[in-house]
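S.K.: Compute the structure for the input listed below.
(3 chains)
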Amino acid sequence: MKPHHRTLAIAALCATAGGASAQSSVTVFGVIDTALSHLTSGDVSRTQLAPDANTSNRLGFRGTEDLGGGLRAGFWLEAGFAPDDGTGGSTNTNNQTSGAAAAVSGSQGLTFGRKSVVSLGGSWGELRLGRDYVPSFLNLTTAMHPFGTNGVGNAGSLYYPKAFGGTTARTQVRASNSIGYVLPGGLGGFYGQAMVALGENASTAGATRDDGRYQGARLGYRSGPVNIAVASGKTDYATGDYRQSNAGINYQAGPVLLMYLWGSNKVGTSRTVAQMVGTRWRMGQGEWRFAYTRLKATGVANDATHVALGYVHALSKRTALYATYAQIHNKGNGTAFNVGLGVTTPGGTSKGHQVGVRHTF
Amino acid sequence: MKPHHRTLAIAALCATAGGASAQSSVTVFGVIDTALSHLTSGDVSRTQLAPDANTSNRLGFRGTEDLGGGLRAGFWLEAGFAPDDGTGGSTNTNNQTSGAAAAVSGSQGLTFGRKSVVSLGGSWGELRLGRDYVPSFLNLTTAMHPFGTNGVGNAGSLYYPKAFGGTTARTQVRASNSIGYVLPGGLGGFYGQAMVALGENASTAGATRDDGRYQGARLGYRSGPVNIAVASGKTDYATGDYRQSNAGINYQAGPVLLMYLWGSNKVGTSRTVAQMVGTRWRMGQGEWRFAYTRLKATGVANDATHVALGYVHALSKRTALYATYAQIHNKGNGTAFNVGLGVTTPGGTSKGHQVGVRHTF
Amino acid sequence: MKPHHRTLAIAALCATAGGASAQSSVTVFGVIDTALSHLTSGDVSRTQLAPDANTSNRLGFRGTEDLGGGLRAGFWLEAGFAPDDGTGGSTNTNNQTSGAAAAVSGSQGLTFGRKSVVSLGGSWGELRLGRDYVPSFLNLTTAMHPFGTNGVGNAGSLYYPKAFGGTTARTQVRASNSIGYVLPGGLGGFYGQAMVALGENASTAGATRDDGRYQGARLGYRSGPVNIAVASGKTDYATGDYRQSNAGINYQAGPVLLMYLWGSNKVGTSRTVAQMVGTRWRMGQGEWRFAYTRLKATGVANDATHVALGYVHALSKRTALYATYAQIHNKGNGTAFNVGLGVTTPGGTSKGHQVGVRHTF
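M.R.: So this is what the prediction gives:
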């Protein structure tokens, strides 16, 4: 989920109409990740080719321009897609349910729903306009969780559970119509960002006028083996505001990265709080991943635990094979959680196995 | 709106199956333009992140091939998108209402609805097949109007008013299924194009058989400080043909470009005629823009005036900041016009402020 | 329909976050093909700008990575589109009717419905995951039919007739959720592939549990002037399995390629069997194409013949002009076939003329 730092620069001379020339660059980049996946939930099971089990699929176009005087402009357009069938990923126009209708099966085209920003940057940081990750999501990525938000081990299962609030809280991952600010480097290890996003309702919308308005921030500190970050965000909804808060800490002990992540999601009076201990353990070309998460729920959902074990084998810097096993055990009769099948008997267990390949370009 | 003349050439060797090789080029290009926008209309207002306020957003792929003997082939595929939320722009398959259904919010994917042509060119001009601008639209761009058809100052507000005819007249900007011819350069300052586009109805369609059939042409002359052009086009509809005609003249006096534009739109018995005087005034890295437009309406719409003032500050050849203010005053109780909010009280005023950034790549 | 062998390599240095670098490549490629087309069927006719009349339109992104030790990884993402209006092509998520809803006119965005695979290859062959051609389709391309599956002469008219089974048999050309294996080169002229694709239904789906599951293979042999291949595939449907089988042989006699193709399609108890004799005859920069096909039908459809004559004139290796004439004569009162208009009076004749330009990039 982190921005890619590799740059495939297509340097070229740009002959303008007036005869002048300037250097330009457009980077075409992406990820393709497909896994054979077997999911069970109670008596139901399904075998499928699944996208995104290690890293989210994407095709993107990005570039930066040096404006001189330390100022730079940039753009980043990134589309999600499902490589098992070729469909694109949809987006949300207003951070509300009304802006997020999915297209019918087979017809969903490519959108820049993963990221769509124009930016201006300098020694003072970076200003971004458009659709982007919300700050309160960023601690749920591989920065603070062994599996990030991908596959059967993904943090999203319990950290921004669709089992409740999923149809209302449209800003669990990203927000549209956002104005974001990102701290510059060189602050002695501190990093962070803040964002305001608009719901764009008319002034005459009454109670729902502020629906879809997001405000949030994240602050982190990285020094030597330690990385720590906290984040929080709130989205207004007339039916009950959505609040997402989390805090994570990493400690790198030789080849072993020890990870702890706390996260809270609140929609109206329903709330879940998750705590995870986990690790990413490098062994030669491979990396073992483990995460154990406990969820306490107040309101409509039940308590649950999530255990995930995975192995990623790098064939190169760009290509890896991987395998993951995970299960979620639901402890009550409330709204239940699952590892991806979308079906869970209350009180039941949901399991998933995935074996796949991930290739970046 | 004008074709970009910059070329980012990705020259490469193309090893064909037979072992031969040839030089190829694909140019990836685009514009990203986002503005903070505040629009009011009567008692209603809305603050939003708006696309296209200075230049229309696009991602495109194009290239040309030298066929020898002065002949060249080319292609141009250009998709529109909204950078505030990442949705793509839709298109129209048959220049009729039936070919232009919009996808539900959040699911509209990228189409090459802005331009999709294959072309053959030579000393005799250029032949184009596909979807392209109609000739009768081209005088409404920045070639003849200070704001072109973008933002709250845009010519489209009064020159191809959606307030009437917008749901019928689907060829106000572009046409699908078109065969176009563009004059070559080197004609002593004369330039122009002609187009026929098909509605593609079956021969048994009766009265609607010719619906969506467009025919139009444009002729211009540029010499020293003077640029003048006239254009006209007609689209057949059983419910009343749509006719678009316009004429513009520019005079460059040092840093000041003086502009006059006349334009008529007619759908059945309803008609609007607009006249604009305006300027683009260069000052160092900046450019001031002003336009005053008067509209006379016959039929369902009312008379109106449109005043727009803007400033564009170039950070580089590719990147600019800009601000625009505009207002439309409706003079009667007929169908009213507005600067973008889509809501206007008859006889009321519609206002808009926009501050944004535009970056080309 | 064959994979393109030209490679537009965008070689570039990839500076990773850690400072290391590696060589990468993304190839942007495509085809744009538009024809003026006049189709008649009984009393109905239509003139239109038609896509795909010589080669299917596409925009793609692909690349390969050398992993060392003879191993390579690759990806191939290919979107179809209609250049006459700019719409994208849709896909199918589960090889069943439920996974293939078309978007409303004008809103269909780009999907990677033509091809979407990640692959691992070596001296042992290539493994592919995702959406790809089914092996049983590959003999219907220009490899074994003069017109391939494009335009009014296309093999699809009678070899995978949509006139019956078209709404059920969703794997006539491609399958989603597929695991494919392709034989390596260097097998003394033998080539081939095999594929299994999943319908991805839940274990509790009962009779339709296996719907959309495809299995098929193809084996060919090429030596000197001879090329021969056989293929067969089966897709499970509770309403009646779909079986597609075919065999083709080519003989290159100087400038003349003699072609014979046999093909069978069976949906439940309905079946069609087609036999084609044809040729591709090179003359200087041009190529004449001729195909005569006889269809025998059992069940709902009638017998039919299909005659097609075409000429393709190469302006370069990348660009060609072409003209095609074809007609289908229906011999009975069953479900009738046509060359593209989608309307045929039982027992009637369907004709088509096309003149177009095809440009690859």
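S.K.: all contacts plus neighbour counts: C-alpha atoms, from now on.
M.R.: Fine.
S.K.: Please name the bridge partners of residue A:322.
M.R.: residue A:312, residue A:356 (DSSP bridges).
S.K.: Just the pLDDT for the nearest residue to residue A:137 once chain neighbours are set aside.
M.R.: Ranked by Cα to Cα, 6 or more residues apart in numbering or on different chains and with sequence neighbours excluded, the top spatial neighbour of residue A:137 is residue A:173, at 5.4 Å. pLDDT, residue A:173: 94.
S.K.: Can you give the contact residues for stretch A:329-339?
M.R.: With contact meaning Cα atoms under 8 Å, 6 or more residues apart in numbering or on different chains, stretch A:329-339 is reached by A:39, A:41, A:151-153, A:157-158, A:161, A:163-164, A:300-306, A:326-328, A:344-352.
S.K.: Swap in 7 Å and give it another go.
M.R.: A:152, A:157, A:163, A:300-306, A:327-328, A:344, A:346-352 (Cα atoms under 7 Å, 6 or more residues apart in numbering or on different chains).
S.K.: In the stretch 251-361 of chain A, mark out all the strands, start to finish.
M.R.: A:256-267, A:270-283, A:286-298, A:304-314, A:319-330, A:349-360 (DSSP state E, counting those that start in this stretch).
S.K.: CA-only coordinates of the first one, as CSV, when you get a sec.
M.R.: Listed in CSV are the C-alpha atoms of strand A:256-267, where the atom choice follows Å, rounded to 0.1, in the frame of the first residue of the first chain:
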residue,chain,number,x,y,z
VAL,A,256,12.9,-10.0,13.0
LEU,A,257,10.5,-7.1,12.9
LEU,A,258,8.3,-7.1,16.0
MET,A,259,4.9,-5.3,15.5
TYR,A,260,2.1,-4.2,17.7
LEU,A,261,-1.0,-2.4,16.4
TRP,A,262,-4.0,-1.0,18.2
GLY,A,263,-7.1,0.2,16.3
SER,A,264,-10.6,1.5,17.0
ASN,A,265,-13.5,1.9,14.6
LYS,A,266,-16.7,3.6,15.7
VAL,A,267,-19.9,4.1,13.7
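S.K.: could you give the angle of that strand to strand A:286-298?
M.R.: Counting by axes from the mean of the first three to the mean of the last three Cα atoms, to 10 degrees, strand A:256-267 lies at 30 degrees to strand A:286-298.
S.K.: Run the angle between strand A:256-267 and strand A:270-283 for me.
M.R.: Using the same axes, to 10 degrees: strand A:256-267 against strand A:270-283 is 160 degrees.
S.K.: Enumerate every residue touching the closest residue to residue A:194 other than its chain neighbours.
M.R.: The spatially closest residue to residue A:194, leaving aside those adjacent along the chain, is residue A:217, at 4.1 Å (Cα to Cα, 6+ apart). Listed by Cα under 7 Å, 6+ apart, the contact partners of residue A:217 are A:135, A:136, A:193, A:194, A:195, A:231, A:232, A:233.
S.K.: Now residue A:217: which helix or strand?
M.R.: strand A:214-223 (DSSP states H and E).
S.K.: Show me which residues of the stretch 201-350 of chain A sit near chain B.
M.R.: A:201, A:202, A:203, A:204 (Cα under 7 Å from any Cα of the partner chain).
S.K.: from memory the third one sits against residue A:211, does it?
M.R.: No - shown here, residue A:203 and residue A:211 do not form a contact pair, counting by Cα atoms under 7 Å, at 11.5 Å.
S.K.: Between these two, which is the more surrounded one?
M.R.: Shown here are residue A:203 and residue A:211; by other Cα atoms under 10 Å in any protein chain shown, residue A:211 has more neighbours (23 against 15).
S.K.: What's the end-to-end length of stretch A:257-276?
M.R.: One end of stretch A:257-276 to the other measures 14 Å (Cα to Cα, to the nearest Å).
S.K.: That stretch: which residues count as buried?
M.R.: Residues of stretch A:257-276 classed as buried: A:257-267, A:270-276 (neighbour count, 16 or more other Cα atoms under 10 Å in any protein chain shown).
S.K.: related to what we said a few turns ago, tell me which of the contacts of residue A:217 is nearest to chain B?
M.R.: residue A:195 (13.5 Å; Cα to the nearest Cα).
S.K.: Helix or strand: which one has the closest one?
M.R.: strand A:190-197.
S.K.: now that strand: mean pLDDT?
M.R.: 98.
S.K.: Output the contacting helices and strands for that strand.
M.R.: Using 3 or more Cα pairs under 7 Å, 6 or more residues apart in numbering or on different chains; DSSP states H and E as the contact test, the elements touching strand A:190-197 are strand A:174-182, strand A:214-223.
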